[in-house]
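[1] build me a model:
(one chain, ligands or ions: 1)
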Amino acid sequence: MTNSIRLGISSCLLGEKVRYDGGHKLDRFLTDTLGQYVEYVPVCPEYECGLPVPREAMHLEGDSGNPRLVTVKTKQDKTGQMVRWARRRVVELEKEDLSGFIFKSKSPSSGMERVKIYSEKGMPDKNGVGMFARIFMAHFPLLPVEEEGRLHDPVLRENFIERIFALFRWRKAISESRSRRSLIEFHTRQKLLIFSHNEQRYRDMGRLVARAKDIPLKELLEQYQARLLEVLKYKTTPRKHANVLMHIMGYFKEQLSSDEKKEMLDVIELYKSGSVPLIVPITLVNHYVRKYRQPYLEVQTYLNPHPIELQLRNHV
Ligand code: SF4
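    Residues are numbered from 1 along each chain as shown. As a prediction, this is how the structure comes out:
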């Protein structure tokens, strides 16, 4: 497997001039910030399926369950051309070792959700999926996907980036040693991260890992990966994080002085009430982990799930 996180992306978001009007939709966060930590695999469905730049604008029209991709003015139907190309392209993309895909929103080819579908009378209904995006998501049902617009929301941004980093770590662990032992070690390091997303699912995963030796290895690894990607889709909340932070405090019961305990509780309360961002209690916990050398916490991904420079835990 590759040494860097590889993400598929709609080409125009990287500044490539492939849009119908010859323009692009450069997104600086994706290129300048996230781009420092990932390697992009650009895909422009309309250009790659053989349409020129510039070209006539297209939209989806017809039945919402089975819309057609049609040019807006001259009404040429490009559905067959797009579908044939997309089915081939997703098979090629299997070799790219993608940890996720970032789609251009609203596009009849690339949009992930709420794409307009026009009725015969020309009335739009925002319940469509871009034609390539639909085929991609059906082919890679578990792969993390997002749109550039939604990534401006700090909660969705952290959730997506956490998932791509988690999938990358998981694949790396399993490619280094494809064994039950690797799975158990990996799970041990992710426990608090998983717990912060969904406590019930965390317990279900614990039961799966406890039965590891009774399940054929291939099936076990597939089940674990599917559950990992599912659980991380649940959004974290201040209440869930506060719960994890209180749980973490339990590991320091013997070591923290009463002053330190009070400081920790105060900071958790400030975070829970929205007065300080998550990075504040996390920084304090990391300080205590270094000071008191707590071995279980030292390996917890939850305390450092993605590069701090991305500032994903700095919002309130
Ligand atoms: S939205 Fe998709 S199809 Fe349109 S230019 Fe961007 S990558 Fe190409």
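
[2] give me the neighbour count for the closest residue to residue 60 other than its chain neighbours.
    Distance criterion Cβ to Cβ, 6 or more residues apart in numbering; nearest residue to residue 60, sequence neighbours excluded, is residue 67 at 4.1 Å. For glycine as for every other residue, the C-beta is placed from the backbone atoms N, C-alpha and C. Residues lying near residue 67 (other Cβ atoms under 10 Å) number 23.

[3] residue contacts, residue 67?
    Residue 67 makes contact with 60-61, 117, 128, 131, according to Cβ atoms under 8 Å, 6 or more residues apart in numbering.

[4] closest one of those residues to the ligand?
    Of all the contacts of residue 67, residue 131 has the smallest distance to the ligand: 9.4 Å, by Cβ to the nearest ligand atom.

[5] just put the contacts of residue 67 in CSV and tack on distance to the ligand, neighbour count and pLDDT.
    Below are the contacts of residue 67 laid out as CSV (distance: Cβ to the nearest ligand atom, whole Å; neighbours: other Cβ atoms under 10 Å; pLDDT from 0 to 100):
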residue, distance to the ligand, neighbour count, pLDDT
60, 13, 24, 98
61, 17, 21, 97
117, 16, 21, 98
128, 14, 23, 97
131, 9, 28, 98
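
[6] show me these that map onto strands.
    60-61, 117, 128 (DSSP state E).

[7] ok, residue 8 - how many residues close by?
    For residue 8, using other Cβ under 10 Å, the count is 22.

[8] which of the ones in strands among the contacts of residue 67 lies closest to residue 88?
    Among the ones in strands among the contacts of residue 67, residue 60 lies closest to residue 88 (Cβ to Cβ), at 21.0 Å.

[9] doesn't residue 115 make contact with the closest one?
    Yes - here residue 60 reaches residue 115: they are 6.2 Å apart, a contact under Cβ atoms under 8 Å.

[10] overlap in contacts of these two?
    The contact lists of residue 60 and residue 115 share 108, 128, 130, where a contact means Cβ under 8 Å, 6+ apart.

[11] and the last one, how close does it get to residue 82?
    Which is residue 130. 10 Å (Cβ to Cβ, to the nearest Å).

[12] quick revisit: among the ones in strands among the contacts of residue 67, give me the pair with the biggest separation.
    Distance extremes for the ones in strands among the contacts of residue 67: the farthest pair is 61 and 128 at 9.5 Å, using Cβ to Cβ.

[13] okay, and the common contacts of those two?
    By Cβ under 8 Å, 6+ apart, the residues touching both residue 61 and residue 128 are 67, 117.

[14] which element is residue 242 on?
    For residue 242, the host element (DSSP states H and E) is helix 238-250.

[15] contacts only, for residue 315.
    If you count contacts by Cβ under 8 Å, 6+ apart, then residue 315 has 154, 277 around it.

[16] for the ligand, what are the nearby residues on the stretch 101-250 of the chain?
    Within the stretch 101-250 of the chain, the positions adjacent to the ligand are 104, 107, 109-110 by Cβ under 6 Å from any ligand atom.

[17] in this protein, which spans are helices?
    Per DSSP state H, the chain has helices spanning 28, 45-48, 79-93, 131-139, 154-176, 180-195, 199-210, 217-233, 238-250, 258-272, 279-292, 295-298. These are given in chain order.

[18] could I get the ones you listed as a markdown table with distance to residue 20?
    Formatted as a markdown table, those follow (distance: least, Cβ to Cβ, whole Å):
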| stretch | distance to residue 20 |
| --- | --- |
| helix 28 | 22 |
| helix 45-48 | 7 |
| helix 79-93 | 14 |
| helix 131-139 | 14 |
| helix 154-176 | 27 |
| helix 180-195 | 41 |
| helix 199-210 | 42 |
| helix 217-233 | 33 |
| helix 238-250 | 43 |
| helix 258-272 | 46 |
| helix 279-292 | 41 |
| helix 295-298 | 52 |
